[in-house]
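Participant: How does the following fold in three dimensions:
(chains A and B)
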There are 2 protein chains.
Amino acid sequence: LTKVSDVGERGLIERMLDKLTRMPDMPLPYWDDASAIEIGEERVLVVNTDMLVWETDIPTGMTPYQAARKSVVMNVSDLGAKGVKPRFFMSNIGLPRDYLLSDAEEIARGFEEGAREFNSYVFGGDTNEACDVIISGFALGFARRDRLMKRDNGTQPGDYVATTGRFGLTSAGFRHLLEGYSLPEESSKTILDSIYLPKAYVDEGVALSEAGVITSCIDSSDGLAASLYDLRHSTGYGYRLNYLPLDPIAEKFAETNDLDPISVTFYGGEEYNLIFTFAPRHVEKVVNALGSVGSKPIIIGEVTKIKDIVYDNDDAKVPILQKGWEHFKA
Amino acid sequence: LTKVSDVGERGLIERMLDKLTRMPDMPLPYWDDASAIEIGEERVLVVNTDMLVWETDIPTGMTPYQAARKSVVMNVSDLGAKGVKPRFFMSNIGLPRDYLLSDAEEIARGFEEGAREFNSYVFGGDTNEACDVIISGFALGFARRDRLMKRDNGTQPGDYVATTGRFGLTSAGFRHLLEGYSLPEESSKTILDSIYLPKAYVDEGVALSEAGVITSCIDSSDGLAASLYDLRHSTGYGYRLNYLPLDPIAEKFAETNDLDPISVTFYGGEEYNLIFTFAPRHVEKVVNALGSVGSKPIIIGEVTKIKDIVYDNDDAKVPILQKGWEHFKA
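Facilitator: Residues are numbered from 1 along each chain as shown, chains lettered A, B, ... in the order given. Sure, this is the predicted structure:
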C-alpha cells in the first residue's frame, strides 16, 4: 500500500491533480506559484494559500506572532512573484483546546502587522480545534492579466537569470537550529531574524511585472536549486549559473564551519527571493524597474537549451541537484 | 493562564478581532457567514473558508471522499446563504506522512465532484505534512453588492422567519453515532446520508437574493438554535417560533427513543438549511423565488422586538437555549 511519503509532495500533487477538471482558460496554470481567475476587462484575481503546521514547519524559538506574520509573508511572496500587489489576507487556524489565549492573540497580532506591512487587510477567517497549531493563510490581489509573470512567461535560451537578493542566511540559521552549528556572535541576530522575520520582495515583483519584459518568475521558498528545477519543469530549459549569490554573512559562516558555499547557497529554503529571467537586451529596463523600489537585480547566469542545471565558473563546474525542501520526503 | 477552551470559539474570535484593523467599507461585516471585497461596478467577490480536522470534525464511518465533498458543501453553503453562486474552490490540506496515497486521491475526487456538483472548479491548493488530516477549504464567487443577504439586511420586528428545509436528521444520526441510539432500519440510510453526504441550499440562496426582499439570512451549520442566536447578535431582535420544522423521519426517531422533539429540532448541527426573514407582505415573492428552483419556504415564526428566543405554540412555550456546536467548548 503506497503512502504519501513514498511519492513525496510533488508525486502526491500530481496524483491529486489527475482527478480534477481543469477550469477553462486558466490565467495561471496548475504548478504555478499562485492561482488566478479572470474577473473581466482583462483583470484577474490572484489567490495564494499556504499552510504552516507548528510541529513540521515552525523552527525552535519562533514565536506565535512570528509564525502568523510568516504565514502572511509566504502568501504575499507568491503573489509578488506573479507581479501582484496583495490586498487582502484571510486565515483559517486550528488550535489545541489548551492553547493559551494570549498566544492566540499574538497570532492575531502577527496577521494584523504582517498584513499592514504589505498594505493589506485581514478581511476574514475561521478558527477550529486541532491536534497542533495549524495556520492556513490565504492572500488575494488583483492584476492585469497580461502583466502576470508566469513560471514560463516566454523564456528563451540566452535569457539572463537573476535574483532580487542573496542567499544563505536561512541555510546558516537552520544549520544552527537543527544541526547545532554555532553562529558568529556579531551576526547571530541577522541570521536568526532571516528565519524568524523573513522578508518578501513584493514591491520588486510588482515593479518587474510593470516593466513588461520578464520571461519567468518564481519565489525561492523551497531553496534556489529547487526553484530552478520548478522553473525547468515549466519552461523545459536548463540553467547555467556562473555567479554565486551568497550573502557575505552566510559566506563567513560557511568558511568558519568548513561548509561548501555552493551547498549553502543552493540548498536552503524559507528564503523569499524572487528568481526571474529576461532577455539581455532588457537589462536596463530591469535595472530601472528594480531601482524604482530601491533594489537591483543580481544576475547569476543564463537559460540554456540543454536541460541541465549547472554551476559553472572559474572556481568550479558542478551539477546542481534536485534537492531542497519537500514535504513528506525523508 | 487563560486557555482558548476557557472562552470558547466565540470568545476566541472576539479577542482576535480586537487586534485587527477593519478594512474600510466592508461589504460584509466580520461575524457574517462569509467575507467580501468590492471589485468595482458594485460587484463583490465573496469568499468563505472552513476547516475540517479529522479527529475533531469527522464522524465515524465518513470516508475521505465524503469528508472532502463535505468541505466543499460547508463552504458553498455559506456563499449560498449570502445569495452568492460559488464559482471556484481551493483547498489546503495537511496529511500525516503515512497516509495512504489512494485515500489522498479519494480526497481529490471529493473536491472535484463536490465542486462540479455546485458548478465550480477546483482552481488551486496546497499540501502539507501534519499530525492529522486537515482540510482547509476556500470557496469564491461573485455577486452584486446590493443583493448580498447579510445577517442583518434590514430585519424588522414582525418579519417572518423561514427555513428552506426541515431539521433533525443529523441530530438523529449523531445520537446514533455518538451516543449509541438505534436507528429504525427503514430510515437508517437517509439519516446517515444526512451526515455523510450533506446537502447545501445554494440555488435557494441565489433565488432568494434575486427576489430582493430578504431581511436576513444565515445557514444553520451550527444548529437552528445557535443560528438564531447568531442572527440576534447581528440584528438585536428576538425570535418567536410557533412551528417546529422537524423532519418526519427525525420525528419518528424522537418518538421511538423518547427524545424531546424540540431538542432534536433546535440543538442539532452540520445541517445546511438556510434560515431567513422577510416582511409578511413579500410572502408571494419568496414563494415564487423558491418555487423557481423547486423549493418552498417553511415559515416557522416571527421576529420580535423583545430579545428572547422562544418556541411558543399550543403544545409548548419554552425558551430556546444558546447551545449548539461550538469549538473549544466542553
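Participant: With adjacent residues omitted, what lies nearest to residue A:88?
Facilitator: residue A:140 (4.4 Å; CB to CB, 6 or more residues apart in numbering or on different chains). Every residue, glycine included, has its C-beta placed from N, CA and C.
Participant: Shouldn't that neighbour be within a strand?
Facilitator: Yes - according to DSSP: H, G, I helix; E, B strand; the rest coil, residue A:140 belongs to a strand.
Participant: And the helices in the stretch 151-300 of chain A?
Facilitator: Counting by DSSP state H, counting those that start in this stretch, the stretch 151-300 of chain A has helices at residues A:169-179, A:188-196, A:202-211, A:224-235, A:248-256, A:261-266, A:283-291.
Participant: Flag the shaky bits of the stretch 201-330 of chain A, pLDDT-wise.
Facilitator: Across the stretch 201-330 of chain A, the ranges flagged by pLDDT under 70 are A:324-330.
Participant: Now with 80, please.
Facilitator: For the stretch 201-330 of chain A, residues meeting the criterion pLDDT under 80 lie at A:315, A:324-330.
Participant: Residue A:86 belongs to a helix, doesn't it?
Facilitator: No - per three-state DSSP, residue A:86 lies outside any helix segment and is strand.
Participant: Next, count neighbours for the closest residue to it other than its chain neighbours.
Facilitator: Spatial nearest neighbour of residue A:86, chain neighbours left out: residue A:76 (4.1 Å); criterion: CB to CB, 6+ apart. Neighbour count of residue A:76, defined by other CB atoms under 10 Å in any protein chain shown: 33.
Participant: on that earlier part again, which of the helices of the stretch 151-300 of chain A sits most buried?
Facilitator: Comparing the helices of the stretch 151-300 of chain A by mean neighbour count (mean count of other CB atoms under 10 Å in any protein chain shown), helix A:202-211 ranks first with a mean of 24.
Participant: Strands of chain A, residue ranges please.
Facilitator: Counting by DSSP state E, chain A has strands at residues A:35-40, A:43-53, A:85-95, A:121-129, A:134-144, A:160-163, A:214-219, A:238-241, A:274-278, A:298-304, A:309-312, A:317-319.
Participant: Just the buried positions in the shortest one, please.
Facilitator: So that's strand A:317-319. Of all the residues in strand A:317-319, not one is buried under the rule 16 or more other CB atoms under 10 Å in any protein chain shown.
Participant: who's in contact with whatever residue of the stretch 151-300 of chain A ends up closest to chain B?
Facilitator: Across the stretch 151-300 of chain A, no residue is closer to chain B than residue A:221, which sits at 11.4 Å (CB to the nearest CB). If you count contacts by CB atoms under 8 Å, 6 or more residues apart in numbering or on different chains, residue A:221 has them with A:74, A:77, A:78, A:227, A:269, A:270, A:271, A:272, A:325.
Participant: gap between it and residue A:80?
Facilitator: 11 Å (CB to CB, to the nearest Å).
Participant: same thing with residue A:215?
Facilitator: The gap separating residue A:215 from residue A:80 is 17 Å, by CB to CB.
Participant: again with residue A:166
Facilitator: In this view, residue A:166 and residue A:80 are 17 Å apart by CB to CB.
Participant: hmm, back to that, let me have the helices of the stretch 151-300 of chain A in a markdown table, extended by distance to chain B.
Facilitator: Shown next, in a markdown table, are the helices of the stretch 151-300 of chain A (distance: least, CB to the nearest CB, whole Å):
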| stretch | distance to chain B |
| --- | --- |
| helix A:169-179 | 16 |
| helix A:188-196 | 18 |
| helix A:202-211 | 18 |
| helix A:224-235 | 14 |
| helix A:248-256 | 27 |
| helix A:261-266 | 23 |
| helix A:283-291 | 27 |
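Participant: since we're on residue A:25, how many residues are nearby?
Facilitator: So residue A:25, with other CB under 10 Å, has 7 neighbours.
Participant: Beta-bridge partners for the closest residue to it other than its chain neighbours, please?
Facilitator: Excluding the flanking residues, the one nearest residue A:25 by CB to CB, 6+ apart is residue A:38, at 6.8 Å. For residue A:38, the beta-bridge partners are residue A:44 (DSSP bridges).
Participant: picking that back up, just name the closest of the contacts of residue A:221 to residue A:25, please.
Facilitator: residue A:78 (21.1 Å; CB to CB).
Participant: and the gap between the closest one and residue A:241?
Facilitator: 23 Å.
Participant: circling back: got a list of what the residue nearest to residue A:25 touches?
Facilitator: A:25, A:27, A:44, A:145.
Participant: burial of the closest residue to the second one other than its chain neighbours, as a residue count?
Facilitator: Translated: residue A:27. Counting by CB to CB, 6+ apart, residue A:27 lies nearest to residue A:36, which is 3.9 Å off, once chain neighbours are set aside. Neighbour count of residue A:36, defined by other CB under 10 Å: 26.
Participant: My read is that residue A:36 contacts residue A:42, right?
Facilitator: No - with contact defined as CB atoms under 8 Å, residue A:36 does not count as touching residue A:42 (11.9 Å).
Participant: Would you mind telling me which of residue A:166 and residue A:80 has more residues around it?
Facilitator: residue A:80 (34 against 19).
Participant: my read: the more buried one touches residue A:72, true?
Facilitator: No - using CB under 8 Å as the test, residue A:80 is too far from residue A:72 to be in contact (11.8 Å).
Participant: re the thing from before, from the contacts of residue A:38, which shows the smallest pLDDT?
Facilitator: Of all the contacts of residue A:38, residue A:25 has the smallest pLDDT value, namely 88.
Participant: That one and residue B:124, how far apart?
Facilitator: In terms of CB to CB, residue A:25 sits 15 Å off from residue B:124.
Participant: Alpha carbons of stretch A:148-157, as PDB, please.
Facilitator: Written as PDB, here are the backbone C-alpha positions of stretch A:148-157 (Å, rounded to 0.1, in the frame of the first residue of the first chain):
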ATOM      1  CA  LEU A 148       1.200  38.200 -14.700                       C
ATOM      2  CA  MET A 149       4.700  36.800 -14.500                       C
ATOM      3  CA  LYS A 150       4.100  33.100 -15.000                       C
ATOM      4  CA  ARG A 151       6.800  30.400 -14.300                       C
ATOM      5  CA  ASP A 152       7.000  30.200 -18.100                       C
ATOM      6  CA  ASN A 153       6.300  33.600 -19.400                       C
ATOM      7  CA  GLY A 154       8.100  33.200 -22.700                       C
ATOM      8  CA  THR A 155      11.500  32.100 -21.500                       C
ATOM      9  CA  GLN A 156      14.200  31.700 -24.300                       C
ATOM     10  CA  PRO A 157      17.700  30.200 -24.200                       C
END
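Participant: Other residues contacting that stretch?
Facilitator: By CB under 8 Å, 6+ apart, stretch A:148-157 touches A:27-29, A:31-33, A:36, A:44, A:46, A:81-84, A:205, A:208-209, A:214-218, A:230-231, A:233-237, A:276-277, A:279, A:302-305.
Participant: now it: how far from the chain's centre is it?
Facilitator: With CA atoms, centre = their mean, to the nearest Å as the basis, stretch A:148-157 stands 17 Å off its chain's centre.
Participant: for stretch A:4-15, same thing?
Facilitator: 20 Å.
Participant: Please apply the same query to stretch A:235-255.
Facilitator: Its chain's C-alpha centre and that of stretch A:235-255 lie 16 Å apart, by CA atoms, centre = their mean.
Participant: can you dump the C-alpha coordinates of it into PDB?
Facilitator: The C-alpha coordinates for stretch A:235-255 follow below in PDB (Å, rounded to 0.1, in the frame of the first residue of the first chain):
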ATOM      1  CA  THR A 235       9.900  26.100 -19.300                       C
ATOM      2  CA  GLY A 236      11.600  22.900 -20.400                       C
ATOM      3  CA  TYR A 237      15.000  24.700 -20.500                       C
ATOM      4  CA  GLY A 238      18.200  24.300 -18.400                       C
ATOM      5  CA  TYR A 239      20.100  26.900 -16.400                       C
ATOM      6  CA  ARG A 240      23.800  27.600 -16.300                       C
ATOM      7  CA  LEU A 241      24.800  29.700 -13.300                       C
ATOM      8  CA  ASN A 242      28.100  31.500 -13.200                       C
ATOM      9  CA  TYR A 243      27.800  33.700 -10.100                       C
ATOM     10  CA  LEU A 244      27.200  32.600  -6.600                       C
ATOM     11  CA  PRO A 245      24.700  35.000  -4.900                       C
ATOM     12  CA  LEU A 246      25.900  34.100  -1.400                       C
ATOM     13  CA  ASP A 247      25.200  36.600   1.400                       C
ATOM     14  CA  PRO A 248      28.500  37.800   2.900                       C
ATOM     15  CA  ILE A 249      27.400  36.800   6.400                       C
ATOM     16  CA  ALA A 250      26.400  33.400   5.200                       C
ATOM     17  CA  GLU A 251      29.800  33.100   3.300                       C
ATOM     18  CA  LYS A 252      31.700  33.800   6.500                       C
ATOM     19  CA  PHE A 253      29.500  31.200   8.400                       C
ATOM     20  CA  ALA A 254      30.400  28.700   5.700                       C
ATOM     21  CA  GLU A 255      34.100  29.500   5.900                       C
END
